[in-house]
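**Q** Give me a model of this one.
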Amino acid sequence: MEGISKQFPGVKALDNVSFHLKGGEVMALLGENGAGKSTLMKILSGVYQKDAGTIRVFGESVENLSPKKAQELGIAIIHQELNLCPHLSVAENIFLGREKVGALRRLSQREMNREAGKILENLRIDLAPTTMVGNLQVSKQQMVEIAKALSTNARVLIMDEPTSALTAKEIEELFRIIRQLRDEGRGIVYISHRLEELQHIVDSVTILRDGQFVAEMPFKDVTLNEIISYMVGREIKEKFPRVTCPVGKKIFEVKHLNAGRMVRDVSLELHEGEIVGIAGLMGAGRTETTRAIFGIDRKESGEIILDGKPITINKPIDAIRAGISLAPEDRKRDGLCTKLSIRDNIALPNLDIVSGPLTTVNMRKVNRMSDEAVRNLQIKLPNTLVDAGSLSGGNQQKVVVGKWLARNSRVVIFDEPTRGIDVAAKVEIYHLMNRLKQNGIGVLFVSSELPEILGISDRIIVMCDGRITGELDVKEATQERILELATQFEKKIQTA
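**A** I've put the predicted structure just below:
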């Protein structure tokens, strides 16, 4: 791709960008949220049309790329939000839109199962073609997406944040498949904000910033700090900015909370001016605990105490009114109305604040609130009237967080707040958490990234299979100690 430019209303997404990929190479495409990575790859996969520039695939110049034409050329993209039909089988998803038909033009389920089985076997993926996709873990669904791409004989495979929802073991399996595909001579574009992963699979890097090409180089010739500097245009001295402040009185307490199979006898507490991290492996019950506290999932028993007084939370509005806020794990499904503007998304949970005496919405207050949230979180957008769905993943996450800035919350819960966002945006989220902490607000946050848990938390709660198996002060915590507690199934059974 040479000299690629793309303009959207009010935004120049790409400005004279070049990108090259070879067969048998894993190329990391890096940049901050809004740098233009997804736009460039959507042009390559035929989703968007370029405004200027040239594209050559296997030496041949191509114009007017469409998704179908890109597929015929051997280009496949696996989006961050997986595009699978949960009510169909693995084989039916792999051949969706390209179904195998037999005599009398009838659907040949047997042929699809056979072909899907061969692809899965070649990738050493232990999955039955007849399994319903909706019953699979996210990691297995990711493998189905890869198999689907390879069923089209893809020679260029684009992966957008493929590890964002995977455990360490599942990531290793994905990396094995990527290496296998590379050894088969396929070219792989790997988009990720988890820079520490790059050393395991990446051969070269291309870096974009603000819609422009910055650098292209072999990965072995550059350090992670240099990559970060190229991405943000400056050196980030501290990836985990820690703020120390006095821990005040206890403001929030959960006692013996039970909610379904994944929240069993959970007790925790929060003090003014502290950040408490919740660690654990996938399936430990961390997200389920936050959902039960916030009133999304029904509680069977337990007590929630705020500022020394028991409170009743049966639904999210009860939590919001009490002064508890939640930035959920799945921002698109649970945290945003993607068809509404940024301004409306920020105002939506704050209508009681921006409404006048006659319960009419005061648009001046709404505009002031949304402008302040955008400014404080440095959300990149042309204006607050654009749809939330048009933003990059990291900027969407900032909007989710920004909704709660205007509320006088006593407790703010973050569930995977930095998933899918770049290193500079992560630091901004950490600064926000530190500001809340300095203002005497209790911060509870779930993260699958142990360096993040260790870097930002004052205290760490570890869960295993629905129960708390340990609590550590950050001064005594290590990754090894957290993992030890996160796998204490025996302790969980003994205390059951």
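
**Q** can you give me the strands for the stretch 101-250 of the chain?
**A** Applying DSSP state E, counting those that start in this stretch to the stretch 101-250 of the chain gives strands spanning 156-160, 187-191, 204-209, 212-218, 250-258.

**Q** Take those strands and write them to TSV, including distance to residue 138, mean pLDDT and mean neighbour count.
**A** C-betas here are computed from N, CA, C, even on glycine. As requested, the strands of the stretch 101-250 of the chain are arranged in TSV below (distance: least, Cβ to Cβ, whole Å; pLDDT from 0 to 100; neighbours: other Cβ atoms under 10 Å):
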stretch	distance to residue 138	mean pLDDT	mean neighbour count
strand 156-160	14	92	23
strand 187-191	17	95	23
strand 204-209	26	94	22
strand 212-218	32	94	15
strand 250-258	25	96	17
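
**Q** Could you say which one of those strands comes nearest to residue 91?
**A** Go through those one by one with Cβ to Cβ and the one that ends up closest to residue 91 is strand 156-160, at 20.0 Å.

**Q** got the angle for that closest one vs strand 187-191?
**A** Taking axes from the mean of the first three to the mean of the last three Cα atoms, to 10 degrees, strand 156-160 and strand 187-191 form an angle of 10 degrees between their directions.

**Q** Against which helices or strands is strand 156-160 packed?
**A** Counting by 3 or more Cβ pairs under 8 Å, 6 or more residues apart in numbering; DSSP states H and E, the packing neighbours recorded for strand 156-160 are helix 37-44, strand 75-78, helix 138-150, strand 187-191.

**Q** how long is stretch 93-103 from one end to the other?
**A** End-to-end span of stretch 93-103 (Cα to Cα, to the nearest Å): 22 Å.

**Q** in that stretch, what counts as buried?
**A** Within stretch 93-103, the residues scored as buried using 16 or more other Cβ atoms under 10 Å are 93, 94, 95, 100.

**Q** what is the rounded mean pLDDT of that stretch?
**A** Model confidence over stretch 93-103 averages 85 on the pLDDT scale.

**Q** Going by distance to residue 199, which of the buried residues of stretch 93-103 wins?
**A** Using Cβ to Cβ, residue 94 is the member of those that lies nearest residue 199, at 31.4 Å.

**Q** By mean pLDDT, flag the weakest helix or strand of this protein.
**A** Ranked by mean pLDDT, DSSP states H and E, the weakest helix or strand in the chain is helix 489-495, scoring a mean of 46.

**Q** still on that earlier bit, with distance to residue 479 as added columns, please give the helices and strands packed on strand 156-160 in JSON lines.
**A** What follows is those, written out as JSON lines (distance: least, Cβ to Cβ, whole Å):
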{"stretch": "helix 37-44", "distance to residue 479": "29"}
{"stretch": "strand 75-78", "distance to residue 479": "29"}
{"stretch": "helix 138-150", "distance to residue 479": "21"}
{"stretch": "strand 187-191", "distance to residue 479": "24"}
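
**Q** and this structure, what are its domains?
**A** Domain assignment of the chain by automatic domain parsing yields the ranges 2-232, 250-495.

**Q** Quick one: closest of those to residue 238.
**A** Closest to residue 238 of the domains of the chain is domain 250-495 (Cβ to Cβ; 7.5 Å).

**Q** Quick one: distance of that closest one to the chain centre.
**A** In terms of Cα atoms, centre = their mean, to the nearest Å, the centre of domain 250-495 is found 14 Å from the chain centre.

**Q** try stretch 107-121
**A** On the basis of Cα atoms, centre = their mean, stretch 107-121 sits 32 Å off its chain's mean C-alpha point.

**Q** Buried residues in it, which are they?
**A** Residues of stretch 107-121 classed as buried: 108, 109, 112, 113, 115, 116, 117, 119, 120 (neighbour count, 16+ other Cβ under 10 Å).

**Q** Dump the residues you listed into JSON lines; add pLDDT as well.
**A** As requested, those are exported to JSON lines (pLDDT from 0 to 100):
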{"residue": "108", "pLDDT": "84"}
{"residue": "109", "pLDDT": "87"}
{"residue": "112", "pLDDT": "91"}
{"residue": "113", "pLDDT": "93"}
{"residue": "115", "pLDDT": "92"}
{"residue": "116", "pLDDT": "92"}
{"residue": "117", "pLDDT": "92"}
{"residue": "119", "pLDDT": "90"}
{"residue": "120", "pLDDT": "90"}
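
**Q** and those as JSON lines, adding distance to residue 374?
**A** Converted to JSON lines, those look like this (distance: Cβ to Cβ, whole Å):
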{"residue": "108", "distance to residue 374": "53"}
{"residue": "109", "distance to residue 374": "51"}
{"residue": "112", "distance to residue 374": "48"}
{"residue": "113", "distance to residue 374": "50"}
{"residue": "115", "distance to residue 374": "49"}
{"residue": "116", "distance to residue 374": "46"}
{"residue": "117", "distance to residue 374": "50"}
{"residue": "119", "distance to residue 374": "45"}
{"residue": "120", "distance to residue 374": "46"}
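
**Q** now the farthest one out in this protein, which residue is it?
**A** residue 104 (45.1 Å; Cα atoms, centre = their mean).

**Q** which residues does that residue contact?
**A** When contacts are counted by Cβ atoms under 8 Å, 6 or more residues apart in numbering, residue 104 is found next to no other residue.

**Q** so where do the helices sit in the stretch 1-150 of the chain?
**A** According to DSSP state H, counting those that start in this stretch, the stretch 1-150 of the chain carries its helices in the segments 37-44, 67-73, 90-94, 109-122, 138-150.
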